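*Asks:* can't give you the sequence, but here's the structure:
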C-alpha cells in the first residue's frame, strides 16, 4: 500500500507539472501565430486535449512502467549472468543512521502517504464546498418562475445582479437563467437565450463537472487555476463565434448585447457554471474577424503538444523510479544468477520491495556497499567453511544483512538490517545460541568475535535448521525468529509457504531481506 501511495503521489505531482508545461506551451503556440490560424472552437478543443494529456499521461506512464526499459542508471542485461562471480571492490560509505529492517521502504513511504492524504483532504474539501453551492443553486432555480421550455431546457427568470448563465444538474435537467432586466428588450432576450442554449449544445455545462474535478484535484496549483480560467474564457469565445458564424446572428446586434451584459455585475456562482460572464473588448473584436478553419491545424497542434508531454511523462516516471527493479526483472535476475546447489531465491513482492530499499535509498545503498566491501576480507574463509558442510554460498547474504560483515560487539550501535535483538560478530549470534553451538560468551571473552569460530557455529546452525525444515526460507526465518516460533506458526496455520506467512504477518520480513541480499551478492553492479 505504501509503495502504491508513493507511485500515485509521484504521478499526481508529475501531472501538476505537466499542466503548467502544457499550458505554457499552448499559450506560446497561440501567441506565436497559431491563434490567428484557429477559430475559438478549435483553440478550445486543443486546450481540452492538452489538459487531458497533462493529467492522464503520468498515470498511463505509471501503468506501463513495467513494460518500459529499465532506468538508465544501470543496464539490466548486465545482470543476466550464469555464474555468481565475486563482487568487485566496492567503495564503502559511512552509514550515519540505523537502517530499518524487514520490509521497510524508508521514510519516503510514510511521507508519500501523508502527502496523498493532505492532497486528498484538500481536494475533497474544495469539491464538497462547490457541490454544496451547486445544491443551493439548484434549490434556488427550482423556485424561480419558468419563462418557457426549449426542449429539455428550462428558461427561468433570475435576479438582475446575477447576469445570465446556464447550468446542468445530473438528474436535475438543464437550465438557462436570464436576468429580469433583459426581459424588457426582446432582441437582448433572444440573443441571451441563444447564447446560453449554445453552451448546452456544446456540452459546456456537462464538461463543467470535469473542470470542477480538475479544479478540486489541483486546488493548490496556480497554473491549474490559470488553465481553468483560460478554458472558461475560450468557452465564451467559442459560443460567441458559433452564434455569429454558424447560426448567422448579426454581429452588431450581438456586440450590443455583450455591452449590455458587461454593465451587470455577475453574482457569485459555483465553479464551472457557464454564462455571458466577463464580456471584454476582445470578445467583441472577435465577432468581426474572419478566421480560416482547418481541422488539420487543430490535429497538428494537438499532436505536437502530445509529442512533448508524453516523453516528459515517461521521463518523469523513469526519474521517480530511479534504480528500482520491477518484479519481472527481479525474477529474471534470480533465475539468471541461480547455480545448482546455491541458495534458491523465491522472488515475491516483499523481496522486490526490500531489494529496492537497498538499491534506491541512500541508507540502503550505503549499508550494502559497506557489506560488499567488508566481505572481501572474509569471503574466501567463510565460503570454505560453508562448502565444508555442503551449504550454499548464498548464505553469505545473512552476514551482509545482519552486520554488513562487520565483526561487531554486542554493545555496538552500528546499524543492522535484521529485526529482533542484537547479537555480536559478523553473524550476530545472541549469547544463548552462541553457547548452544560451543562458543564461549563470558566476561572478558567473547568467541563470537572470532570470525572463523562464529562462522563454524553459523554453518552448524544452518545445517541443523535446513535438516529440520527442508526449506531454506523456513530455515532463514528460524535463524532470526527461532525454531519455537516457526514451529508454532506452521502448526497453527498449516501453511509452509513463507511468502504467504509473511504477507499475513505471521512471520516477519527477514527472509525477504536476506533473499534481496542474495540478489545483490550476485549482482553488485545494481549499487553502482
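*Replies:* Nice, I can see it. It should be emphasised that the depicted structure is a prediction, and the values quoted were computed from it without experimental measurement.

*Asks:* and residue 346, what is it in contact with?
*Replies:* 334, 473, 498-499, 515 (Cβ atoms under 8 Å, 6 or more residues apart in numbering). Where C-beta positions appear, they are placed from N, C-alpha and C, glycine not excepted.

*Asks:* just the residues you listed now: which is nearest residue 417?
*Replies:* Distance to residue 417, by Cβ to Cβ, is smallest for residue 515 among the contacts of residue 346, at 12.1 Å.

*Asks:* ok, longest helix in this structure?
*Replies:* Counting by DSSP state H, the longest helix found in the chain is helix 108-142.

*Asks:* and that helix, what does it pack against?
*Replies:* If contacts are counted by 3 or more Cβ pairs under 8 Å, 6 or more residues apart in numbering; DSSP states H and E, helix 108-142 sits against helix 2-31, strand 165-169, helix 204-217.

*Asks:* tell me the average confidence for that helix?
*Replies:* Mean pLDDT, taken over the full extent of helix 108-142, equals 86.

*Asks:* chain center to the following helix or strand past that helix, what's the gap?
*Replies:* Elements were assigned by DSSP states H and E; along the chain past helix 108-142, the next helix or strand is strand 146-150. Offset of strand 146-150 from its chain centre (Cα atoms, centre = their mean, to the nearest Å): 48 Å.

*Asks:* so what touches the next helix or strand after strand 146-150?
*Replies:* Once the chain leaves strand 146-150, the next helix or strand it forms, by DSSP H and E, is strand 153-158. With Cβ under 8 Å, 6+ apart as the test, strand 153-158 has contacts from 141, 144-149, 164, 173-180, 183, 193, 197, 200.

*Asks:* and strand 153-158, which strands flank it?
*Replies:* The strands beside strand 153-158 in its sheet (DSSP bridges) come out as strand 146-150 (antiparallel), strand 173-179 (parallel).

*Asks:* list the buried residues in it.
*Replies:* When burial is assessed from 16 or more other Cβ atoms under 10 Å, strand 153-158 yields the following buried residues: 153-156, 158.

*Asks:* coming back round to it: scan the contacts of residue 346 and report the most crowded one.
*Replies:* residue 515 (28 neighbours; other Cβ atoms under 10 Å).

*Asks:* tell me the mean pLDDT for the helix or strand it falls within?
*Replies:* Residue 515 is part of helix 510-522 when elements are defined by DSSP H and E. For helix 510-522, mean pLDDT rounds to 95.

*Asks:* what is it packed up against?
*Replies:* Using 3+ Cβ pairs under 8 Å, 6+ apart, helix 510-522 sits against helix 327-337, helix 349-360, helix 362-388, helix 396-403, helix 472-481, helix 498-503.

*Asks:* packed most tightly, which of these would that be?
*Replies:* Of all the helices and strands packed on helix 510-522, helix 396-403 has the most neighbours on average by mean count of other Cβ atoms under 10 Å, namely a mean of 26.

*Asks:* tell me what angle that one forms with helix 362-388.
*Replies:* Between the direction of helix 396-403 and that of helix 362-388, the angle (axes from the mean of the first three to the mean of the last three Cα atoms, to 10 degrees) works out to 140 degrees.

*Asks:* what's helix 396-403 packed up against?
*Replies:* Applying 3+ Cβ pairs under 8 Å, 6+ apart, one finds that helix 396-403 makes contact with helix 362-388, helix 510-522.

*Asks:* so which of those is nearest residue 260?
*Replies:* When these are compared by Cβ to Cβ, helix 362-388 sits nearest residue 260, at 65.0 Å.

*Asks:* for the closest one, packing partners?
*Replies:* Contact partners of helix 362-388 among helices and strands, from 3+ Cβ pairs under 8 Å, 6+ apart: helix 349-360, helix 396-403, helix 451-469, helix 510-522.

*Asks:* pLDDT averaged over it - what is it?
*Replies:* Per-residue confidence for helix 362-388 averages out to 93 on the pLDDT scale.

*Asks:* repeat that for stretch 241-252.
*Replies:* According to the model, stretch 241-252 has a mean pLDDT of 83.

*Asks:* just the strands paired with strand 153-158: most buried one?
*Replies:* Across the strands paired with strand 153-158, the average number of neighbours (mean count of other Cβ under 10 Å) peaks for strand 173-179, which reaches a mean of 23.

*Asks:* which of the residues in the following helix or strand past that strand are buried?
*Replies:* Downstream of strand 173-179, the next assigned helix or strand under DSSP H and E is helix 186-201. By neighbour count, and taking 16+ other Cβ under 10 Å as the criterion, the buried residues in helix 186-201 are 188-189, 191-200.

*Asks:* one step back: farthest-separated two in the contacts of residue 346?
*Replies:* 334 and 498 (14.8 Å).

*Asks:* flag the shaky bits of the stretch 1-150 of the chain, pLDDT-wise.
*Replies:* Across the stretch 1-150 of the chain, residues meeting the criterion (pLDDT under 70) sit at 1-3, 65-112.

*Asks:* any weak-confidence spans in the stretch 251-400 of the chain?
*Replies:* For the stretch 251-400 of the chain, residues meeting the criterion pLDDT under 70 lie at 262-282, 285-295, 318-323.

*Asks:* mind redoing it with 90?
*Replies:* Counting by pLDDT under 90, the ranges of the stretch 251-400 of the chain that qualify are 251-301, 310-329, 336-341, 356-357, 359-365.
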